[in-house]
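K.L.:
Model the following, please.
(one chain, ligands or ions: 1)
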Amino acid sequence: MGGQDLPGVLVSALEGPTAVFEGHVGDLQKHFRLITVQEFMGNKTQLGPKIHAVYIWGGKPAIDRELLQGLPALKIVASGGAGLDHLDLKLLASFGVKVANTPCAVTGPTADMGMALLLAAARRVLEGHQLAISPDTENFSINWMGQEVTGATLGIVGMGRIGYKVAQRARAFEMKILYHNRKRRKLEEEEVVGATYCERLDDLLQQSDFVMLALSLTPQTRGLIGRRELRLMKPTAMLINIGRGLLVDQDALLEALQTEIIKAAALDVTYPEPLPRDHPLLKLKNITLTPHIGSATHQGRQQMMESLVESIRACLDGLPIPNEVLLK
Ligand SMILES: O=C(O)C(=O)CO
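P.N.:
I've put the predicted structure just below:
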């Protein structure tokens, strides 16, 4: 794919449904020789030693020991997005491979998406759309009511970069903000957004009208919201997930939505993605679903690509790597 003398970068993002749009490929091609996974698979022995970086997009290509063994010159795995749950950081470190992600590129867009989902769920935007286009105009907006956002309590679970941006936005909606996080934020940071720390997740769940999950998936957070946690929430409360599907026990959520243990859910992430077309969650009225598009803006993608190029170049030049992910 051109640029034979440039350092090789293995990418899956040029293939199939995850294809990155043209402008981005151009940017990448200025600096690297792009090798698709398909090309690599067809000629592993020759291409493997020429690959110095892997560019991961949408969790692909999956990196396992076998792949790493076939890439003896690999120095860095650069992963688009903030989440790292698709990477085995210990395995990569054992091969001496560095990791970088692009947290800054996704922060604003994902927080916006969180608010979009919150508002859509609260004001039943999807149902409203269906009603607005329905041939049955009799019931145009009779008995139509949603939930008030102004003055409601938002509980943010995970107050990292994205959670904090959500809080900034929610403040403009005059929401009361609670948050739960591994580590409490500085007092000044809490004050700026008017957020109150809940040391116990249970307290946040019991008090919130909207619960937004904005945390990463780790072995500790997997299944964080299960049957018990959903039962702690108010029957009028809504759950919004912009983190990862596996943060929530999906069967428990289904049951909670069907039996109105909680009022509604709005999910940008599920497991699997996409959900099978006959999945019972798809049949519910009190759910808003989007196809994991939290960070999907033109500006965000451009920034993501620039950030990945910068990290790969720095690594290959032996310079400090922007957004390097360090093993804790
Ligand atoms: O940043 C991430 O990890 C995302 O999933 C973006 O939507």
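K.L.:
for the most centrally placed residue in the chain, what are its contacts?
P.N.:
Central residue of the chain (CA atoms, centre = their mean): Gly243, 4.8 Å from the mean position. By CB atoms under 8 Å, 6 or more residues apart in numbering, Gly243 lies in contact with Gly83, Gly158, Leu213, Ala214, Leu215, Ser216, Leu217, Thr221, Val269. For glycine as for every other residue, the C-beta is placed from the backbone atoms N, C-alpha and C.
K.L.:
ok, which of those also contact the ligand?
P.N.:
Gly83 (CB under 6 Å from any ligand atom).
K.L.:
sorry, back to before: find the nearest non-adjacent residue to the residue nearest to the centre of the chain, please.
P.N.:
Nearest non-adjacent residue to Gly243, counting by CB to CB, 6 or more residues apart in numbering: Leu213, 4.5 Å away.
K.L.:
about what we covered before: tell me the secondary structure at the residue nearest to the centre of the chain.
P.N.:
coil (DSSP: H, G, I helix; E, B strand; the rest coil).
K.L.:
Distance-wise, check it relative to Ala105.
P.N.:
Using CB to CB, to the nearest Å, Gly243 is found at 17 Å from Ala105.
K.L.:
try Asp317
P.N.:
In terms of CB to CB, Asp317 sits 21 Å off from Ala105.
K.L.:
out of these two, which sits in the busier spot?
P.N.:
More crowded of Asp317 and Ala105, by other CB atoms under 10 Å: Ala105, with 25 against 8.
K.L.:
Tell me who's in contact with the more buried one.
P.N.:
Shown in contact with Ala105 (CB under 8 Å, 6+ apart): Gly80, Gly81, Ser295, Gly300, Arg301, Gln303, Met304, Ser307.
K.L.:
Contact residues of this protein facing the ligand?
P.N.:
Gly81, Ala82, Gly83, Val106, Thr110, His292, Gly294, Ser295.
K.L.:
Which ones among these lie within helices?
P.N.:
Val106, Thr110 (DSSP state H).
K.L.:
so can I have CSV of the residues of the chain next to the ligand showing pLDDT?
P.N.:
CSV is the format used below for the residues of the chain next to the ligand (pLDDT from 0 to 100):
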residue, pLDDT
Gly81, 93
Ala82, 95
Gly83, 95
Val106, 95
Thr110, 98
His292, 96
Gly294, 96
Ser295, 92
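K.L.:
Please pick the buried ones from the residues of the chain next to the ligand.
P.N.:
For those, a burial check counting by 16 or more other CB atoms under 10 Å picks out Gly81, Ala82, Gly83, Val106, Thr110, His292, Gly294, Ser295.
K.L.:
so what's the residue nearest to the fourth one when sequence neighbours are not counted up against?
P.N.:
So the one you mean is Val106. Nearest in space to Val106, with sequence neighbours left out and distances taken as CB to CB, 6+ apart, is Ser295 at 3.7 Å. Ser295 makes contact with Gly81, Ala82, Ala105, Val106, Pro109, Thr110, Met113, Arg301, Met304 under the criterion CB under 8 Å, 6+ apart.
K.L.:
I'd like those as TSV, with distance to Leu284 appended.
P.N.:
As requested, those are arranged in TSV below (distance: CB to CB, whole Å):
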residue	distance to Leu284
Gly81	28
Ala82	28
Ala105	32
Val106	28
Pro109	26
Thr110	24
Met113	20
Arg301	31
Met304	32
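K.L.:
Which one of those residues is nearest to Tyr179?
P.N.:
Nearest to Tyr179 among those, counting by CB to CB, is Thr110 at 16.0 Å.
K.L.:
quick one: what helix or strand has Tyr55 in it?
P.N.:
Using DSSP states H and E, Tyr55 falls within strand 51-56.
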